[in-house]
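Enquirer: need coordinates for the following:
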Amino acid sequence: MDTTTLHRLLRQPCTIAVVGLSADWRRPSFEVSQTMQAQGYRIVPVNPRYAEKNEKILGESCYASLTDIPFPVDIVNVFRRTEDVLPVARQAVQIGAKCLWQQLGVENREADQLARAAGLDSVMNLCIKIEHARLAGGRH
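Expert: Okay, the predicted model is just below:
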């Protein structure tokens, strides 16, 4: 992914739906989301395990799937295994997200192609927190 596109995606706070966000502060999904939230991004947790209990993560209501979110989402940030990303990509397209972002270690090429074919930006195998810090000129 080129730096110009990453700058465009992260230049201003937006709404990030985090698929696979855990309430466990020791998990990377929590740490990354907490940092991005502190930088002004709206974090929307997507995890059916927490949604069914009406639990909140980082003070935000949790949704079972992307299609349950009743407002627009800019970036879909995926903390799932590579083989689980394709259905998430389909939902990202369905809800009109602008970007599918597969976190560090996640690289589903079929999901990437699907997202790009639908006009979404697609990022694979990069950490949104690391890229934000790099582009902002600092480390978090």
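
Enquirer: would you mind measuring the gap between the ends of stretch 116-129?
Expert: End-to-end distance for stretch 116-129: 22 Å, by Cα to Cα, to the nearest Å.

Enquirer: which residues outside it are in contact with it?
Expert: Residues from elsewhere that reach stretch 116-129 (Cβ atoms under 8 Å, 6 or more residues apart in numbering): 1, 5-6, 9-10, 16, 31-32, 35-36, 75, 77, 92-93, 97-109, 111-112, 115, 140. Yep, even glycine has a C-beta here, placed from its N, CA and C like the rest.

Enquirer: what does stretch 35-47 give?
Expert: Under the contact criterion Cβ under 8 Å, 6+ apart, stretch 35-47 has outside partners 13-22, 33, 56-58, 60-66, 69, 73, 128-129, 132, 140.

Enquirer: ok, 6 Å please
Expert: 13, 15-19, 21, 33, 57-58, 60, 62-63, 69, 129, 140 (Cβ atoms under 6 Å, 6 or more residues apart in numbering).

Enquirer: now, the contacts of stretch 116-129 that are in strands?
Expert: 16, 75, 77, 99-102 (DSSP state E).
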